[in-house]
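*Asks:* fold the following, please.
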Amino acid sequence: MTSRRPTIFRYRNVILLVFCSSLTFFVNGCAGALFKVKPIVELPPLTGAVKSANAGGVTIKVEPLLSDEESQDLFEANLPLGGVLPLRLELEYEGGVPVELKRARFRLRDGGGKEWKLLSPKQAISRILKANGVYVYNPNSRKEFEREFAAYGIDLKPPLSPSDRRRQGFLFFQTPNKEPVTSPQGLTLQAERLPQPVEIVLN
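*Replies:* Predicted structure coming up:
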């Protein structure tokens, strides 16, 4: 009686080869960036619906990106769909002693008194991927997206000083119930642990 074991081995090898080839094709196909983030450059001056306040030697300027088009222009991703509101923030030093920013706290609430959660860039990315139904991807592609996206976050570690007078970037806030951002009213940004606390009504 002829053994069928070599034949079984051949079938297993063929199946394994097909699986490996498919896996290689899949990984290579997912090797690109998840979203094409516009390269970070010196952002142009704030324009449009800019709100500002003085926090005791630091001028705070804020502009919310409320439209889908604005967020897609920078990140190729619909942040409002994922319940993420990007706030563009600009801090300007007005002289005196250096101002520490690493202890600064920013809070956002809407007209109904609900507080919006401040997200790290990494947390914002998780919301974006979930909202866009992106669950399978090359890990390197996500790392690239995280790196490019995080470059837009405002750096609050170095203090403002006569040699470093201006800081700008984005804060990312999540809607109270993780619902999409849809024309929120009465948004107010609170800045704490600066030389003076301030409130800025955004709309």
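
*Asks:* make it CA atoms for all contacts and neighbour counts henceforth
*Replies:* OK.

*Asks:* show me where this protein has strands.
*Replies:* 51-54, 58-64, 84-93, 105-109, 115-119, 166-174, 188-192, 198-201 (DSSP state E).

*Asks:* from Glu100, how far out is Leu65?
*Replies:* As judged by CA to CA, to the nearest Å, Leu65 and Glu100 stand 27 Å apart.

*Asks:* which residue packs closest to Ala104, ignoring adjacent ones?
*Replies:* Leaving aside its sequence neighbours, Ala104 sits nearest to Arg193 (CA to CA, 6 or more residues apart in numbering; 4.8 Å).

*Asks:* in stretch 106-126, what counts as buried?
*Replies:* Neighbour counts over stretch 106-126 (16 or more other CA atoms under 10 Å) mark Phe106, Leu108, Arg109, Asp110, Glu115, Trp116, Lys117, Leu118, Leu119, Pro121, Ala124, Ile125 as buried.

*Asks:* who does the closest residue to the second one other than its chain neighbours bridge with?
*Replies:* Same thing as Leu108. Among residues not flanking Leu108 along the chain, Leu189 sits closest, at 4.6 Å (CA to CA, 6+ apart). Beta bridges link Leu189 to Leu108, Ile200, judged by DSSP bridges.

*Asks:* which ones are touching Leu189?
*Replies:* With contact set as CA atoms under 8 Å, 6 or more residues apart in numbering, Leu189 has these partners: Phe106, Arg107, Leu108, Arg109, Glu199, Ile200, Val201, Leu202.

*Asks:* by pLDDT, give me the weakest of those.
*Replies:* When those are compared by pLDDT, Leu202 scores lowest at 90.

*Asks:* and the two most separated of the buried residues of stretch 106-126?
*Replies:* Largest separation among these by CA to CA: Asp110 and Ile125, giving 22.6 Å.

*Asks:* pretty sure Ile154 sits against Arg166.
*Replies:* No - if you go by CA atoms under 8 Å, Ile154 and Arg166 don't touch, sitting 11.0 Å apart.

*Asks:* list the buried residues for stretch 47-64?
*Replies:* Lys51, Ser52, Ala53, Asn54, Ala55, Gly57, Val58, Ile60, Lys61, Val62, Glu63, Pro64.
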